[in-house]
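S.K.: whatever this is, show me its structure:
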Amino acid sequence: MSRIFEYFVVCGIGPEIRTLDGDKGFHGSEGVLYMPSLLDQFPPTDRSLCPPPPPQLPTCVLPAGVEFYPSGFDPSSPASFPRSYPIVLTEGDGSKIYVSCISFRDPVSEDIAEAYRITANSFADKCICLVSHSPSFRVLRNALEEVFVLCFSADGSSKPLWEVIASMVTTVPLPTPGKDRILFSIENCLLSVEAPPKTGLPHADISFQPLVQCLDIDNFIKLFTAVLLERRILLRSNKYSLLTLVSEAICHLIYPFRWQHVYIPLLFFSGVDYIDAPTPYMMGLHSGVDTSALSMDGVVIVDLEYNLITTTEEIPPIPEPELSSLRDQIGKLLHPNVMAIDMTAGFGGSYEQYAKLGNKPWGEDHDQQLRLIFLKFFASLLAGYRNFIENTATYIFNTDAFLRKRSRSTNQPAGPMITQFLGSQGFFDYMERRTNVEEDQVTILERLQDAIGRGQNPMSIFPSPFAEPEIITISESDGGTSGSGATYTYDRFPSNIRTEEEEEKRKQILASASGAFDYSGRLPSSPSVLMPKDPKLDTLNPMERAAERERMVLDIKVKLQGLWLRLLKLGATDDPLSSFEYGTILALIESDAEGIGGSGFIECIREHINSGWQCQLTDEQFIAVKELLKTAISRATSRNDVLTIRDALEVSAEMYKKDANNVPDYVQRHLLSLSIWEELRFWEGYFDYLMDRSSSSSVNYATQVSTQLIVVASHMAGLGLPDNDAWYMVETIAEKQKVGFKQFIKLRGFLSHIQQVRINYWGISSTKTTSISSQGLPSPQGKDQPAEASGIGRSWVQSMFSKDSASRANSLSRSRKWTSDENGAPRRQDLSPTAQKKLQTSVRVLRGHTGAVSALHCVTRREVWDLVGDREDAGFFISGSTDCLVKIWDPSLRGSELKATLKGHTGAIRAISSDRGKIVSGSDDHSVIVWNKQSHQLLEELKGHDAPVISVRMLSGERVLTASHDGSVKMWDVRTDTCVATVGRCSGAVLCMEYDDSTGILATAGRDASQISGISVLESRCINFWVIQNGSGQSGWLMILLACHAGPVQCVEYSSSDKGIITGSSDGLIRFWENEDGGIRCMKNVTIHASAILGINAGEHWLGIGAADNSMSLFHRPQERHGGGASAAGAIKAVSWQLYRTPQKNVAMVRCISTDLERKRICSGGRNGLLRLWDATINI
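M.R.: Model prediction:
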């Protein structure tokens, strides 16, 4: 039988004390906040059928952290009063966990105070909680308050407190909706719980009064509208309960629709940076938390204390007549006597009904009337919507037809509010659920519409008052110590009985903390050591003291060896950061002023590698090893222990895990945040070490220098150091060694090559990120947040922002990931005034590929337009992947975007193009395949290239232009399946190609290749311009060769409006070129991205850019600039492109990007096989 109380949990300060900034130990009580821990729970996880309490629970129930106080409860100080409040947590599957909390000041445990030298009789925050999946707020609060009162009552209890708790949790069942009323007692207090039948409105065990008391009617409606339109909403109050109750109330008022995005009614203080997330959310934040450092652009800030709503973006009003009706109905409920002051008794209609409620205190009848008011609002707003449900392959609701019908019936155009609402995820979710309803069933909204249409009382849609529920009485357990006549009183909240293993672990942690004080004799803010001071050491002579120290060092290394081997046995279900092995090794490393723990740990890893270990880690082991190495290197840096840092660098380059694409992800890549890698002196010392280790008289000195510098450069690239920083340090070392010019070129080429390989797969790394999640992804706003603050809580919030939209029907926590926009963001002075606005988008994740997305193409209007107009495939996206498949996607089919899969290639797809009837794709298998766009059949396979085909272009007249890594550009006739000409040939691999069918100008960009010790080094940064006479089957002639970029040119785009081209390179530079006076000249240079430009898509007035730093930028050219004469327009065409805005970055490593600016869509393909499709809501 299900229980209403799943867990009783106690949270507070645990044996391992850590500040919110991640510093271990006690650092005083003045202004220092500490991380809360889970101290006790009942039942234990292994004895419960319910899922365990979420790991973020301690952080969420004590959102401000734990503070120490010199005194406890003081009747004269309201700040010391216990605080009772509810919170709601959202799990990964969208289900909600309801928690009732009471926080209070409790004495610090004696063993913790002694171990950390905390002042005697100190107090700290503690929180007791009842956890349930049932939204029974009242009984959760009442039961918890009875336990709290029973604990601190002067009369005491007849049984031990934890026995009372155990009886309550294990015996009270979940009531059957509409049938049962459960009666149970806690000591002498009788409590009851029941649930209404499921045929009416969803169970809401809260009062809606706080919502209507905090906001006036206009602000109430404004908040309701913002929720319907899925804006970013931030509630502010200095009362925790108010934030949760208002959030829950507004979610009930939008029924039958559901909030589909991130939902955190009470946000922990250290997670304040999540407010800058670009995706819709509803969060509550204590008004005492400072948000001045956040942009808050577009956020709807609702101040519940001052009845104030502010936002930088307008919230469109509800259309008439619904707005007036809604305002009038709410006014009648809240102020019936005022609204009916002019009415004559007996003729007031609904006013008299509300007047009866107005004479009574606010209760459940008021709550039901308020919910009915908003349900009637939806019934009016969506009147007749059932006639427009069309469950076809294209859509499930005919929005345009519904809006036209509504405009005719209201004699006014459809406003932006209803248009945006019909396009919201909440409405889409409702329509999906509506289509799954049996034909003979109707929803509660439709029952209300039918009742109103028949002139019936709207209250008739609700089930009639059900019969008196069956009373089920839960008797108190007679077990335990009850009946003995003893009375149990407490001066603090007692601890539950711990197991031997839990007690031993607690003692070890406290002994380590205590030993640090005994040895150092300093406050815990100072570095501590592992070994406590032994008084006998003072009586030993220097030789004996050295022998004793050597014995201690050996003992530590032996312990580390055993712990390391046990750490490698962590299973998939183990939490690595809470394991005994991890905690003990971390304590040995952190509490060691002489570096024995850190160096010993790294020595254990090296010895294990030398013994034949393959170095592959599981995901759990990877997390633990990464964090331990970061701690060891940080400690070694503070001691200037270069040897330990050097050894850690080398072992980190050996250990790895396999990612989803079966590609090794090395530990070294996750150590970038450490500052030591930015110091030239370390790399100079490491180079000297390599030279000493490899010195040999039989090897040329210049060869030795080049070889060791390549090793140094490999480690720099493995860490993810920015290319400019890495090259500066390599160049400085090389200059001191008198390296020749040719060696400089080889070194530069090698570093550029491996940096590009790393960036193309992993993306740009940020040296400013100081907090790395367990998945190796940077946390938002990493620069200013505490390094370890609320780590588990932040992971939970991050997971809420990382749900893909493919699972939206089953999850309330869906939205997109984001990263901070520090790197690659445009400088403020480069932005036009319009660019200061945020880009609000709705993101979808398209799944289908099992390998990295390596090619992406958008079917543009120009490709498929004919005399009839746009064809249905305009706006389709076509993707290719390393899984050798080509997939066609229709963005208009929400939830079923994948239209077809084309199979035929045996290598990774590198290029895609299309026209009205065909699709052409190029692959690493050296072939080009032509497909029928309608039947999806393979038509032709074009073979003739000797290397991977990197670019294809469908031309008019059944011709195809292809470019390859073999340096050739070929033209094919699809009708005869033959190569009609090799129109151009470059000296190296061709990376990208663009062709203008009207002028016959072909632009190719490539790079020359040379060989250095078997490693391909790519150097050329040129663009070749060829002229093809009338598109004939003859070889083109080279018109001009431009050396235009400092890095390989990755993409080139022809701009038909100004007859010029736009180029992007791995140097991050975007260049605009024009054909002027028979020559080509660069008109403008733009640098806004921190890494390689991957894609360029140009329209008549809009230009989309995608880069390897996972960011995008939009350029705009106003229409009025094209007025006037031809000479005037030609003078300003290229330079008229202005940066419009840069959307928020995406953490998925971008491989390719395509844009459909006419339909306001941007699509990116990542190495994880996902396509992310943004539907922009701005007018672009």
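S.K.: what segments of the stretch 801-950 of the chain are helices?
M.R.: 861-864 (DSSP state H, counting those that start in this stretch).
S.K.: where are the low-confidence patches of it?
M.R.: Along the stretch 801-950 of the chain, segments meeting pLDDT under 70 span 801-842, 861-873.
S.K.: pLDDT score assigned to residue 98?
M.R.: Note for residue 98: predicted pLDDT of 94.
S.K.: what about it, how many residues nearby?
M.R.: Counted with other Cβ atoms under 10 Å, residues neighbouring residue 98 total 21. All C-beta atoms are positioned from the backbone trio N, CA, C, and that covers glycine.
S.K.: what is the neighbour count of residue 360?
M.R.: Residue 360 has 9 nearby residues by other Cβ under 10 Å.
S.K.: revised request: answer the last question for residue 509.
M.R.: Neighbours of residue 509 (other Cβ under 10 Å): 20.
S.K.: doesn't it fall inside a strand?
M.R.: No: according to DSSP: H, G, I helix; E, B strand; the rest coil, the state of residue 509 is helix, so it is not within a strand.
S.K.: contacts only, for it.
M.R.: 15, 16, 583, 587 (Cβ atoms under 8 Å, 6 or more residues apart in numbering).
S.K.: and residue 685, by the same measure?
M.R.: 642, 646.
S.K.: next secondary structure after the host helix or strand of it?
M.R.: Using DSSP states H and E, residue 685 sits within helix 680-694. Later in the chain than helix 680-694, the nearest helix or strand by DSSP H and E is helix 701-719.
S.K.: list the buried ones in that following helix?
M.R.: 704-706, 708-710, 712-713, 715-719 (16 or more other Cβ atoms under 10 Å).
S.K.: just stretch 678-694 next, same as before
M.R.: Applying 16+ other Cβ under 10 Å to stretch 678-694 flags 682, 683, 686, 687, 690, 691 as buried.
S.K.: now do the first one, the pLDDT please.
M.R.: By that I understand residue 682. pLDDT, read off for residue 682, is 89.
S.K.: ditto for the fifth one
M.R.: pLDDT, the model's per-residue confidence, is 88 for residue 690.
S.K.: begin at 74, not 1, for the rest of this chat.
M.R.: Sounds good: first residue 74 from here, last item residue 763.
S.K.: gap between the closest residue in space to it that isn't next to it in sequence and residue 767?
M.R.: Nearest non-adjacent residue to residue 763, counting by Cβ to Cβ, 6 or more residues apart in numbering: residue 781, 4.2 Å away. Relative to residue 767, residue 781 is positioned 7 Å away (Cβ to Cβ, to the nearest Å).
S.K.: ok, residue 108 - how many residues close by?
M.R.: 26.
S.K.: from memory it sits against residue 96, does it?
M.R.: No: judged on Cβ atoms under 8 Å, residue 108 makes no contact with residue 96 at a distance of 10.1 Å.
S.K.: how about residue 1052, what does it touch?
M.R.: Neighbours of residue 1052 in contact, by Cβ under 8 Å, 6+ apart: 1015, 1017, 1043, 1044, 1045.
S.K.: nearest to residue 267 among the contacts of residue 582?
M.R.: residue 88 (41.7 Å; Cβ to Cβ).
S.K.: which residues touch residue 657?
M.R.: Neighbours of residue 657 in contact, by Cβ under 8 Å, 6+ apart: 581, 632, 636.
S.K.: just the buried ones from those?
M.R.: Buried, going by 16+ other Cβ under 10 Å: 632, 636, out of these.
S.K.: how much space between residue 988 and residue 473?
M.R.: 29 Å.
S.K.: neighbour count for the two, which is higher?
M.R.: Using other Cβ under 10 Å, the more surrounded residue of residue 988 and residue 473 is residue 988, with 19 against 12.
S.K.: ok, the closest residue to the more buried one other than its chain neighbours - how many residues close by?
M.R.: Spatially, and ignoring its direct neighbours in sequence, residue 988 is nearest to residue 1027 (4.4 Å; Cβ to Cβ, 6+ apart). Neighbourhood size, residue 1027 [other Cβ under 10 Å]: 22.
S.K.: counting contacts, what elements does whichever strand or helix holds residue 1027 pack onto?
M.R.: Assessed by DSSP H and E, residue 1027 sits inside strand 1022-1028. In this structure, strand 1022-1028 packs against strand 982-987, strand 991-996, strand 1000-1005, strand 1032-1037, strand 1062-1069, with contacts taken as 3 or more Cβ pairs under 8 Å, 6 or more residues apart in numbering; DSSP states H and E.
S.K.: as a markdown table, those with distance to residue 827 and mean neighbour count would be great.
M.R.: A markdown table is the format used below for the helices and strands packed on strand 1022-1028 (distance: least, Cβ to Cβ, whole Å; neighbours: other Cβ atoms under 10 Å):
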| stretch | distance to residue 827 | mean neighbour count |
| --- | --- | --- |
| strand 982-987 | 21 | 25 |
| strand 991-996 | 25 | 26 |
| strand 1000-1005 | 29 | 21 |
| strand 1032-1037 | 24 | 25 |
| strand 1062-1069 | 17 | 22 |
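S.K.: in TSV: those, plus distance to residue 723.
M.R.: Putting these into TSV (distance: least, Cβ to Cβ, whole Å) gives the following:
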stretch	distance to residue 723
strand 982-987	36
strand 991-996	39
strand 1000-1005	43
strand 1032-1037	40
strand 1062-1069	34
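S.K.: for those strands, which one sits closest to residue 640?
M.R.: The nearest among the helices and strands packed on strand 1022-1028, by Cβ to Cβ, is strand 982-987 at 41.4 Å.
S.K.: what's the angle from the closest one to strand 1062-1069?
M.R.: 10 degrees (axes from the mean of the first three to the mean of the last three Cα atoms, to 10 degrees).
S.K.: chain center to strand 982-987: distance?
M.R.: 30 Å (Cα atoms, centre = their mean, to the nearest Å).
S.K.: and stretch 709-724, by the same measure?
M.R.: 33 Å.
S.K.: output that stretch as PDB, restricted to C-alpha atoms.
M.R.: What follows is stretch 709-724, C-alpha atoms only, in PDB (Å, rounded to 0.1, in the frame of the first residue of the first chain):
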ATOM      1  CA  ALA A 709      50.700  21.400  -5.300                       C
ATOM      2  CA  THR A 710      50.400  24.800  -6.900                       C
ATOM      3  CA  SER A 711      50.100  26.500  -3.600                       C
ATOM      4  CA  ARG A 712      53.300  24.700  -2.400                       C
ATOM      5  CA  ASN A 713      55.100  25.400  -5.700                       C
ATOM      6  CA  ASP A 714      55.500  21.600  -6.100                       C
ATOM      7  CA  VAL A 715      56.300  21.500  -9.800                       C
ATOM      8  CA  LEU A 716      57.100  17.800  -9.800                       C
ATOM      9  CA  THR A 717      53.700  16.800  -8.600                       C
ATOM     10  CA  ILE A 718      52.000  19.100 -11.100                       C
ATOM     11  CA  ARG A 719      54.200  17.600 -13.900                       C
ATOM     12  CA  ASP A 720      53.300  14.100 -13.000                       C
ATOM     13  CA  ALA A 721      49.600  14.900 -12.700                       C
ATOM     14  CA  LEU A 722      49.700  16.500 -16.200                       C
ATOM     15  CA  GLU A 723      51.100  13.300 -17.700                       C
ATOM     16  CA  VAL A 724      48.800  10.800 -16.000                       C
END
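S.K.: report pLDDT for residue 537.
M.R.: At residue 537, pLDDT is 67.
S.K.: do residue 470 as well
M.R.: Value for residue 470, per-residue pLDDT: 85.
S.K.: surely it and residue 460 touch.
M.R.: No: look at residue 470 against residue 460 with Cβ under 8 Å: they stay out of range, at 10.6 Å.
S.K.: quick check: longest strand of the chain.
M.R.: strand 169-180 (DSSP state E).
S.K.: next structured bit after that one?
M.R.: By DSSP H and E, the next helix or strand past strand 169-180 is helix 183-189.
S.K.: what residues sit buried inside that following helix?
M.R.: 185, 186, 188, 189.
S.K.: from those residues, pick the one nearest residue 963.
M.R.: Taking these together and measuring to residue 963 by Cβ to Cβ, the closest member is residue 185, at 61.0 Å.
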